[in-house]
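Enquirer: let's see this in three dimensions:
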Amino acid sequence: MKRKNSADKMRISFDLDEVLFVNPANHTCERKLIFPLNLIFRERLRYGTPDLINSLQKLGYEVWIYTSSYRTEFYIKSLFFCYGVKFDGIVNAMRHEKEVQKFSSTRLPQKVPSRYRISLHVDDETVICSYGRELGFDAYQLDAEDADWKEKIIERAGEVKAKWEKSQ
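Expert: Numbers count the residues shown, from 1 in each chain. Next up is the predicted model:
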């Protein structure tokens with residue numbers, strides 16, 4: 001029997017700003033963190049984020065953050081730890097520049113999920129989502145308030161996983 005390892009799991013990544021971190025004036029948000037954590041972590045999570053991430057992991061997906069933000073990996077891990085979430089990987093702008101952009105004379109897109117074997121990337125930017133076919137990843141565009149966003153992403157992940165498993 002073949003032993004499962006992390007290479008056997010499909011990877012899903014999420015952008016932070018306007019995807020998982022949202023403006024409470026426009027979106028329903030998770031509860032604010034208690035004092036003094038709310039002074040350190042000012043971002044507000046889209047309602048349902050911890051449930052979605054944990055559900056995806058229980059379904060057997062690796063869940064990553066892929067952001068063009070310069071927030072440190074420690075900061076991101078610490079903030080999400082307060083909500084009971086642990087990511088399988090984090091790519092921020094510094095890591096992207098070091099590992100993807102390197103010394104390339106051609107400017108690459110802000111995110112290239114396929115470089116990290118990410119099969120599905122969730123983002124709010126049309127331009128990032130449009131690179132999917134060209135760069136070898138599927139994308140789900142999320143921006144507006146949507147009560148069914150979690151179910152839609154789980155469904156899309158299932159579709160991509162079926163395609164991904166055929167290619168393995």
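Enquirer: what segments of the protein are helices?
Expert: Per DSSP state H, the chain carries helices over the ranges 37-40, 49-58, 73-81, 93-96, 126-130, 132-135, 149-167.
Enquirer: okay, the ones you listed, which one's buried deepest?
Expert: Comparing these by mean neighbour count (mean count of other CB atoms under 10 Å), helix 49-58 comes out on top with a mean of 18. Heads up, the C-betas are built off the backbone N, CA and C, glycines and all.
Enquirer: wait, doesn't N23 sit right on L45?
Expert: No: judged on CB atoms under 8 Å, N23 makes no contact with L45 at a distance of 11.6 Å.
Enquirer: more neighbours: which of those two?
Expert: The residue with the greater number of neighbours, taking N23 and L45 and applying other CB atoms under 10 Å, is L45; the counts read 25 against 12.
Enquirer: in space, what's closest to the more buried one - neighbours in sequence excluded?
Expert: In space, L45 comes closest to E30 once its chain neighbours are excluded; the distance is 4.2 Å by CB to CB, 6 or more residues apart in numbering.
Enquirer: now do the one you found against V63, distance only.
Expert: According to CB to CB, to the nearest Å, E30 stands 17 Å off from V63.
Enquirer: these two: who's more crowded?
Expert: Counting neighbours by other CB under 10 Å for E30 and for V63 shows that V63 has the greater number, 24 against 18.
Enquirer: contact partners for V160?
Expert: Contact criterion CB atoms under 8 Å, 6 or more residues apart in numbering gives M10, S119, L120, D138 as the residues in contact with V160.
Enquirer: repeat that for A147.
Expert: Residues near A147 by CB under 8 Å, 6+ apart: none.
Enquirer: just the mean pLDDT for stretch 98-115, thanks.
Expert: The average of the pLDDT scores along stretch 98-115 is 82.
Enquirer: who touches the worst-scoring helix or strand of the chain on mean pLDDT?
Expert: With mean pLDDT, DSSP states H and E as the measure, the helix or strand of the chain carrying the lowest mean pLDDT is helix 132-135 (a mean of 86). Taking CB under 8 Å, 6+ apart as the criterion, the residues outside helix 132-135 that touch it are P109, V112, P113, S114, H121, D138, A139.
Enquirer: state the pair within those residues that is farthest apart.
Expert: Pairwise distances across the contacts of helix 132-135 peak at 15.2 Å for P109 and D138 (criterion: CB to CB).
Enquirer: circling back: joint contacts of N23 and L45?
Expert: In the contact map built from CB under 8 Å, 6+ apart, no residue is linked to both N23 and L45.
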